[in-house]
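Visitor: Pasting the sequence and the predicted model now:
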Amino acid sequence: MTPPTDLAPAQAAARLDRYTVIDVRSPGEYASGHLPGAHNIPLGDLHHALPELKAAAARGELLMVCASGNRSATAGTELAAADIPAATLAGGTTAWAAEGHPLQPSEGAPTAWAMDRQVRLAAGSLVVLGLAAGPRFRAARWLAAGVGAGLVYSALTNTCGMAAVLARLPHNRPRAADLSTTLEALQQQ
């Protein structure tokens, strides 16, 4: 089991034509902007795509991408456990765009907010709700405290339970046909 190699955005950009790029973000995040030529296989569906990814890796190098590099690192580890070599984009699409490299939006696809933005909206709304309802319903303060504790836990463990829940919303979930289409495209490369 070889651990995935982290590539800086400049390194990946210089060799982008050599890679089959796999974006493991939610479909909504992918639609809002992805690396040119990237295929969307959300992290939760990666295990379904292992045979196609193994075949794609036999034909060329894989580059795993997400928003910040955390999910792609998880994907790289999962692929390494299945003896599929892959590299990951350090800093994800955020670092890619910050260095001036282009992101390609999906044509005609509705754009959902990035997952971190969805988490900030949900967490902030729950805190405000808990504080606003607190004077009338004392137990509502626990809502704000619970969200705050969840955010601290999220930072300490580098995981996000709220993002996992939000990823299950319909606008963040892939349609079965989209995943099938992606897997077919991987086989034809």
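Guide: Yep, it's here. Numbers count the residues shown, from 1 in each chain.
Visitor: where do the strands sit along the protein?
Guide: Along the chain, counting by DSSP state E, strands occupy 5-7, 19-23, 39-40, 61-65, 87-89.
Visitor: list the helices and strands the shortest one packs on?
Guide: Strand 39-40 is packed against strand 19-23, helix 176-188, with contacts defined by 3 or more CB pairs under 8 Å, 6 or more residues apart in numbering; DSSP states H and E. Placement of C-beta: from N, CA and C, glycine included.
Visitor: ok, back up a step: deepest-packed of the strands of the chain, please.
Guide: Highest mean neighbour count among the strands of the chain (mean count of other CB atoms under 10 Å): strand 87-89, with a mean of 26.
Visitor: Which residues does that strand contact?
Guide: Under the criterion CB atoms under 8 Å, 6 or more residues apart in numbering, residues 4-7, 9, 12, 19, 35, 61-66, 69, 72-73, 75-76, 95-96 lie in contact with strand 87-89.
Visitor: Rounded mean pLDDT for that strand, please.
Guide: The average pLDDT within strand 87-89 is 96.
Visitor: Enumerate every residue touching the most centrally placed residue in the chain.
Guide: By CA atoms, centre = their mean, the chain has its centre lying nearest to Arg25, at 2.5 Å. Residues near Arg25 by CB under 8 Å, 6+ apart: 34, 40, 42-43, 65-67, 71, 93, 115.
Visitor: and it, how far is that from Val65?
Guide: From Arg25 across to Val65, the span is 8 Å (CB to CB, to the nearest Å).
Visitor: For these two, list the residues in contact with both.
Guide: Listed as contacting both Arg25 and Val65 by CB under 8 Å, 6+ apart are 34, 93.
Visitor: where along this structure do the helices fall?
Guide: Using DSSP state H, the helices of the chain run over 9-14, 27-32, 50-59, 70-81, 92-98, 115-133, 141-157, 161-166, 176-188.
Visitor: Please enumerate residues in contact with the fifth one?
Guide: By that I understand helix 92-98. Taking CB under 8 Å, 6+ apart as the rule, helix 92-98 contacts 8-9, 12-13, 23, 25, 33-35, 65-72, 89, 91, 103.
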